[in-house]
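> Generate coordinates for the sequence data below:
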Amino acid sequence: SDLAYVVEYALLIAGLGWLVRRTVRERDVDALLDVGAVAVLGVFAMGELVVEPFLKEPGVPGLARLLGAAYPILDAVLVALVVRLLLVPGSRTRCLALLATAFAMAFAADAAYSVMVQLDTYVAGGAAVLDSLWIGAVGVTGLAALHPSMRSLGRRAEEAAPPTGGFALVGVALLGSVPVTIGTFALRDHFSPVGYGLTSVALSGIAVARLVRLLRAARRYRASLAAEEAYYRAMVQRSSDGVLVLDGHGRVLDASPAVAALLRVPDAEGLVGRDASEVVHEDDLARVRSLFRRMRHDGLGWSGEVRLHRGDGTFGWYSARAENLLHEPAVGGVVVNVHDISDRKQAEQDLHHQAFHDALTGLANRALLRDRVQHGLVRFARRNGGLVVLFCDLDGFKTVNDSLGHAAGDRLLQVVAGRIAGVVREEDTVA
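Purely as a prediction, here's the structure:
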């Protein structure tokens, strides 16, 4: 049975070691150092408090002496691996909590077993509490293996910045050797200077190595951030779309170079500090202000079309998309992306005009005339009024077409249409 226990410990250590290597991404050396620090402290503590007195206990068989000393040390290694996994962002799952509980139970049982053997109070089959802890540890380990969250435990963590939890773990281990030494001296009136010295040297070396690697990782991370910032800055500066950053009151905090071309102003920096509503068309101003207040209050984004004044006195149509990032410390404003859609709006207006107007004279076509007549009949029926439709014909128009050509006939239609349209009222329709 003892051989089976040893094999079980070996498999558990191998499995947890594999999980640590998987979850810490490319920082396998860091994980090894973190686990090593906790393991060194655990071995030192178990060695001073349990293993050394156990090995010196007379009358204990050799195999029992060896196993009694090995179990607490193996437990310390398991606890170190679990603690390292707990420091990985996103890995604190239910199955890991079960594993931590199981190994804590085994650790307590093995430590108590060693102490009871030293005190000659352990009787095989007579220590119900220890047996319950050992059996419970095996059962909880099985529950952890069967738990659905075990599938996600081996996934690599996505860490945005170099983690400092592992280094803090090394620091705790380094400082933890002091109370262990004090506790050993208080319980046994002496401690092992050699063990304390070796432990201090090992933990100090691990701490220095971990600090050097952490500083290098931080330097690489800062360089990566700088490169990413330069990349996105280049994209924004060379984009045809304009980007404005507004504060909570609608004042311009920043403007990309493309804004100058879109609004036909000399320099986008000239907009900084101004109220963005100054460039909004008067007919859209109330709607834009209402949407901005709602967006600032609700924290939601907005997208739509708006007319903006240009530096040359004209106005254009723009597609705008606003995102409320006032809560983001790196931004602290409302980011507005602006794209010129004036050509598209003009094309839409042209298509709409062509659908209801004659291409030659510009007058209303049959579809628009029918719509106007229907609306007029409904309107005048409510008012008990009347509707007048006047039909005009051009005498001799065929003669003009046949003798002077169709170009002359087209020109005649345009002149007549223009004269009639010039003498009717605004609410009248000429078709």
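> Quick check: A109 vs G270, distance?
Distance of A109 to G270, given as CB to CB, to the nearest Å: 75 Å. From N, CA and C alone the C-beta is placed, and that goes for glycine too.
> ok, those two, which is more surrounded?
A109 (23 against 15; other CB atoms under 10 Å).
> which SSE is the more buried one in?
Per DSSP states H and E, A109 falls inside helix 94-118.
> what angle do the next helix or strand after that helix and helix 94-118 make?
Next helix or strand after helix 94-118 toward the C-terminus (DSSP H and E): helix 128-146. Computed with axes from the mean of the first three to the mean of the last three CA atoms, to 10 degrees, the direction of helix 128-146 lies at 160 degrees from that of helix 94-118.
> For helix 128-146, which helices and strands make contact with it?
When contacts are defined as 3 or more CB pairs under 8 Å, 6 or more residues apart in numbering; DSSP states H and E, helix 128-146 packs onto helix 94-118.
> what's the distance between the helix it packs on and the middle of its chain?
Distance, stretch centre to chain centre, for helix 94-118: 39 Å (CA atoms, centre = their mean, to the nearest Å).
> Give the other helices and strands that that helix contacts.
Against helix 94-118 (3+ CB pairs under 8 Å, 6+ apart) you get helix 52-55, helix 62-86, helix 128-146, helix 150-153.
> In it, which residues are buried?
Across helix 94-118, burial judged by 16 or more other CB atoms under 10 Å covers 95-107, 109-115, 117-118.
> now it: mean pLDDT?
Helix 94-118 shows a mean pLDDT of 76.
> neighbours around S200, how many?
16.
> typo on my end, V43
Using other CB under 10 Å, V43 has 20 neighbouring residues.
> so which helix or strand takes in it?
helix 28-46.
> Kindly report the same for F292.
Residue-wise, F292 maps onto helix 282-298 under DSSP H and E.
> Identify the residues contacting the helix or strand following that helix?
Scanning forward in sequence from helix 282-298 by DSSP H and E, the next helix or strand is strand 302-309. Residues outside strand 302-309 that contact it (CB atoms under 8 Å, 6 or more residues apart in numbering): 263, 278-281, 283-284, 288, 291, 295, 315-322, 338, 341, 345.
> swap in stretch 134-154?
Under CB under 8 Å, 6+ apart, the answer for stretch 134-154 is 12, 18-19, 22-23, 85, 91, 93-96, 98-99, 101-103, 105-106, 109.
> Quick check: nearest residue in space to G299, chain neighbours excluded?
Once flanking residues are discounted, G299 sits nearest to N324: 5.2 Å by CB to CB, 6 or more residues apart in numbering.
> ok, now L99?
A144 (4.6 Å).
> go on, D358?
Closest to D358 by CB to CB, 6+ apart is N365, at 5.1 Å.
> tally of neighbours for the residue lying closest to D283 once chain neighbours are set aside?
Nearest non-adjacent residue to D283, counting by CB to CB, 6+ apart: R307, 6.9 Å away. Neighbours of R307 under the rule other CB under 10 Å: 18.
> Equivalent analysis for L360, please.
For L360, using other CB under 10 Å, the count is 12.
> again, but for V29
Every residue meeting other CB under 10 Å relative to V29 is counted, giving 12.
> again, but for R264
13.
> Contact partners for it?
Counting by CB under 8 Å, 6+ apart, R264 has contacts 310-312, 314.
> Kindly indicate the member of those with the most neighbours.
R310 (15 neighbours).
> wait, what's in contact with the residue nearest to S342 when sequence neighbours are not counted?
Excluding its sequence neighbours, the residue lying closest to S342 (CB to CB, 6+ apart) is G316, at 4.0 Å. Residues in contact with G316 (CB under 8 Å, 6+ apart) are 262, 307-308, 310, 340, 342.
> Tell me where the stretch 201-350 of the chain has strands.
Assigned by DSSP state E, counting those that start in this stretch, the stretch 201-350 of the chain shows strands spanning 242-246, 252-255, 302-309, 315-325, 333-340.
> Alpha carbons of the last one, as PDB, please.
Coordinates of each C-alpha in strand 333-340 appear next as PDB, following Å, rounded to 0.1, in the frame of the first residue of the first chain:
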ATOM      1  CA  GLY A 333     -13.900  61.100 -22.800                       C
ATOM      2  CA  VAL A 334     -16.400  60.400 -25.500                       C
ATOM      3  CA  VAL A 335     -14.800  59.100 -28.600                       C
ATOM      4  CA  VAL A 336     -16.500  60.200 -31.900                       C
ATOM      5  CA  ASN A 337     -15.600  58.700 -35.300                       C
ATOM      6  CA  VAL A 338     -16.700  60.900 -38.200                       C
ATOM      7  CA  HIS A 339     -16.900  59.900 -41.800                       C
ATOM      8  CA  ASP A 340     -17.900  62.200 -44.700                       C
END
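> Could you name the helices and strands sitting against that strand?
strand 242-246, helix 258-263, helix 282-298, strand 315-325.
> Please work out which of the ones you listed is packed deepest.
strand 242-246 (a mean of 21; mean count of other CB atoms under 10 Å).
> between that one and helix 282-298, how many degrees?
60 degrees.
> next one: strand 242-246 to chain centre, how far?
Using CA atoms, centre = their mean, the distance between the centre of strand 242-246 and that of its chain works out at 22 Å.
> quick one: strands adjacent to that strand?
strand 252-255 (antiparallel), strand 333-340 (antiparallel) (DSSP bridges).
> got the ones you listed as CSV, with mean pLDDT, mean neighbour count and distance to V40 columns?
Below are the strands paired with strand 242-246 laid out as CSV (pLDDT from 0 to 100; neighbours: other CB atoms under 10 Å; distance: least, CB to CB, whole Å):
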stretch, mean pLDDT, mean neighbour count, distance to V40
strand 252-255, 88, 20, 52
strand 333-340, 89, 20, 50
